[in-house]
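*Asks:* Show me how the following folds:
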Amino acid sequence: MDKILRNGAGWRLGWDPNASEFKGLVGGEGWAVELTEPELDDLCRLCGQLADTVSQIAAEIMDSERLTCEAESDRLWVQLEGVPHAYSLEFILSNGRRCEGSWPPEAVPELLAAMKILKMF
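*Replies:* Residues are numbered from 1 along each chain as shown. As a prediction, the model looks like this:
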């Protein structure tokens, strides 16, 4: 498998299966950070879980009702914040090196779609 780099307005997501330590890359407007494979896996999994949670409860709340949902692993913390149809994502890496990043609501749908298929090819 070769390197993969996907990007869109306000987001970047990369995968290099041949890298020795930092196989993943995530980025946004003006920032990027390399992640280990377990860190990238956790980030993708937790973001997906939060998005699924919002999808499941969206019918039960008003369109204008603001949500804040969090999920974490021993490697990182992720937060979703906004309304059911437009929310931002933020993460903080807490294992070893410290960093954080976020994506605005307009970047999140494409980013989540890319996270689902990143390693499929």
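
*Asks:* low-scoring stretches of the protein, by residue?
*Replies:* Across the chain, residues meeting the criterion (pLDDT under 70) sit at 1, 120-121.

*Asks:* Just list whatever residues bridge to Val83.
*Replies:* Beta-bridge pairing for Val83 (DSSP bridges): Ala86.

*Asks:* tell me the contacts of it?
*Replies:* 63-67 (Cβ atoms under 8 Å, 6 or more residues apart in numbering). Yep, even glycine has a C-beta here, placed from its N, CA and C like the rest.

*Asks:* how close does it get to Arg12?
*Replies:* 25 Å (Cβ to Cβ, to the nearest Å).

*Asks:* Using CSV, write down the CA coordinates of the lengthiest helix in the chain.
*Replies:* Longest helix of the chain, by residue count under DSSP state H: helix 37-57. The C-alpha coordinates for helix 37-57 follow below in CSV (Å, rounded to 0.1, in the frame of the first residue of the first chain):
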residue,chain,number,x,y,z
GLU,A,37,-1.2,4.1,14.1
PRO,A,38,-3.0,3.5,17.5
GLU,A,39,-3.6,7.3,17.9
LEU,A,40,-5.0,7.6,14.5
ASP,A,41,-7.2,4.5,15.0
ASP,A,42,-8.5,6.0,18.2
LEU,A,43,-9.2,9.4,16.7
CYS,A,44,-11.1,7.9,13.8
ARG,A,45,-13.1,5.5,16.0
LEU,A,46,-14.0,8.2,18.6
CYS,A,47,-15.0,10.8,16.0
GLY,A,48,-17.2,8.1,14.3
GLN,A,49,-18.8,7.2,17.6
LEU,A,50,-19.6,10.8,18.4
ALA,A,51,-21.1,11.4,14.9
ASP,A,52,-23.2,8.2,15.3
THR,A,53,-24.4,9.4,18.7
VAL,A,54,-25.5,12.7,17.2
SER,A,55,-27.3,10.9,14.3
GLN,A,56,-29.2,8.7,16.8
ILE,A,57,-30.4,11.6,19.0
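
*Asks:* At which residues are the strands of the protein located?
*Replies:* Secondary structure of the chain (DSSP state E): strands at 4-8, 11-15, 24-28, 31-35, 67-72, 76-83, 86-93, 99-103.

*Asks:* Nearest to Leu112, out of those?
*Replies:* Taking Cβ to Cβ, strand 86-93 is the member of the strands of the chain nearest to Leu112, at 8.2 Å.
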